[in-house]
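1. sequence and computational prediction follow.
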Amino acid sequence: MKTNYHTHTQRCLHAQGTEEDYIRAALEAGVSVLGFSDHAPFPDKDYGLRMPYEELDDYFFTLERLANTHASDIIIKKSLEIEYLPQYTSYYEALWETYSPDYLILGEHFFLDDSGRFYNITTQAEDTSVYLLYARAAAQAMKTGYFQMIAHPDIFAMSPFAWDRNCDAATDLILEAAAETGTILEFNANGLRRGIHDYPDGRRHMYPHPNFWKKVPGSGIPVIIGSDCHSPTQVWDECMHQSQAILQTLGICPITLLEDGSSQF
């Protein structure tokens, strides 16, 4: 069964295509469930590369309308991908109460450390010790109950450092929190689309990182493949097939369906 719960549109300002374009591509590819999870805005600050806050109402209205229009052809799910910052607690709760999303995805591209310093994990890691800060922030986020899934949990591996003990420790922190909270880990196909790059310890994809995922089998943590598509052509492409093959090699059997969720806060 082909499903994808991680889909972006042109609303986020760094993807192409409307919601209808992605639905057409999903139907052509034989996808049964398509979840839209565009990058969520914040009400008081533009953190970049996300839909304007003023579009939030129209986004959910459009998804509801298209879900009804295409109900006989495909299941449409409505969601958002969003970072966790503790000062927005009331906002996360308002998202659930106002829009009743089917799920929320934690995409922790940026976070606050214990001292309140802001980090972007993809661009501001001075060394691998920052990975531990990221992992603690992600664990805190998972424990809130706002998020059903964590996108690209190993995105810290984008930074230009060799895998070391901090990487292992960060991985353990994330997996422990996911196991404790029942949060689904996403194996992110978009990392494969980014290609192979040179790192101090060899050539590899930025993510998914094999050292992270080899710790998952036997943990009991559910895993799902997410396209993280930013173009209709990526809804179901070769990188989705490649993701399935990699997980099979690791002995991980991914789930394909998410239960309609509600927040657990």
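-> All right, it came through fine. Numbering: from 1, shown residues only.
2. tell me the mean pLDDT over the top helix by length along the chain?
-> As assigned by DSSP state H, the longest helix anywhere in the chain is helix 165-181. Computed over helix 165-181, the mean pLDDT rounds to 98.
3. go on, stretch 130-141?
-> Averaged over stretch 130-141, pLDDT sits at 98.
4. now it, how far from the chain's geometric center?
-> Centroid separation for stretch 130-141 versus its chain: 15 Å, with Cα atoms, centre = their mean, to the nearest Å.
5. low-scoring stretches of the chain, by residue?
-> 260-265 (pLDDT under 70).
6. so who does the residue minimising distance to the centre of it touch?
-> The residue lying closest to the centre of the chain (Cα atoms, centre = their mean) is residue 151, at 2.3 Å. Residues counted as contacts of residue 151 (Cβ atoms under 8 Å, 6 or more residues apart in numbering) are 6, 81, 105-107, 186, 188, 226, 228. The way it works is simple: take the backbone N, C-alpha and C, and place the C-beta from them, glycine included.
7. tell me how far residue 100 lies from residue 203.
-> The gap separating residue 100 from residue 203 is 45 Å, by Cβ to Cβ, to the nearest Å.
8. which one of those two has more residues nearby?
-> Legend: neighbour count by other Cβ atoms under 10 Å for residue 100 and residue 203, higher for residue 100 (12 against 8).
9. for the more buried one, phi and psi?
-> With angles defined as degrees, to the nearest 10, residue 100 sits at phi 50, psi 60.
10. the residue of the chain most remote from its centre: what secondary structure?
-> Ranked by distance from the centre of the chain (Cα atoms, centre = their mean), the top residue is residue 72, with 27.4 Å. Under DSSP: H, G, I helix; E, B strand; the rest coil, residue 72 falls in the coil class.
11. what are the contacting residues of the helix or strand harbouring residue 249?
-> Taking DSSP states H and E as the criterion, residue 249 maps to helix 238-250. Helix 238-250 is contacted by residues 4, 187, 189-190, 192-193, 208, 210, 213-214, 216-217, 223, 225, 227, 253-254 when judged by Cβ under 8 Å, 6+ apart.
12. from these, which land in helices?
-> Residues of those located in helices (DSSP H): 189-190, 192-193, 210, 213.
13. quick one, strands of the stretch 51-200 of the chain?
-> Taking DSSP state E, counting those that start in this stretch as the test, the strands found in the stretch 51-200 of the chain are 75-82, 103-106, 110-112, 118-120, 149-150, 184-188, 196-199.
14. could I get those as a markdown table with distance to residue 135?
-> Formatted as a markdown table, the strands of the stretch 51-200 of the chain follow (distance: least, Cβ to Cβ, whole Å):
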| stretch | distance to residue 135 |
| --- | --- |
| strand 75-82 | 18 |
| strand 103-106 | 12 |
| strand 110-112 | 10 |
| strand 118-120 | 12 |
| strand 149-150 | 11 |
| strand 184-188 | 13 |
| strand 196-199 | 19 |
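15. got a markdown table for these, with distance to residue 245 and mean neighbour count too?
-> Conversion of the strands of the stretch 51-200 of the chain to a markdown table gives the following (distance: least, Cβ to Cβ, whole Å; neighbours: other Cβ atoms under 10 Å):
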| stretch | distance to residue 245 | mean neighbour count |
| --- | --- | --- |
| strand 75-82 | 25 | 23 |
| strand 103-106 | 24 | 23 |
| strand 110-112 | 32 | 20 |
| strand 118-120 | 31 | 15 |
| strand 149-150 | 21 | 26 |
| strand 184-188 | 11 | 26 |
| strand 196-199 | 16 | 12 |
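16. those: which one's closest to residue 160?
-> strand 196-199 (6.6 Å; Cβ to Cβ).
17. neighbouring strands - and their directions - for that closest one?
-> strand 202-205 (antiparallel) (DSSP bridges).
18. residues in contact with the strand it pairs with?
-> Strand 202-205 is contacted from outside by 191-192, 194-197, 210, using Cβ under 8 Å, 6+ apart.
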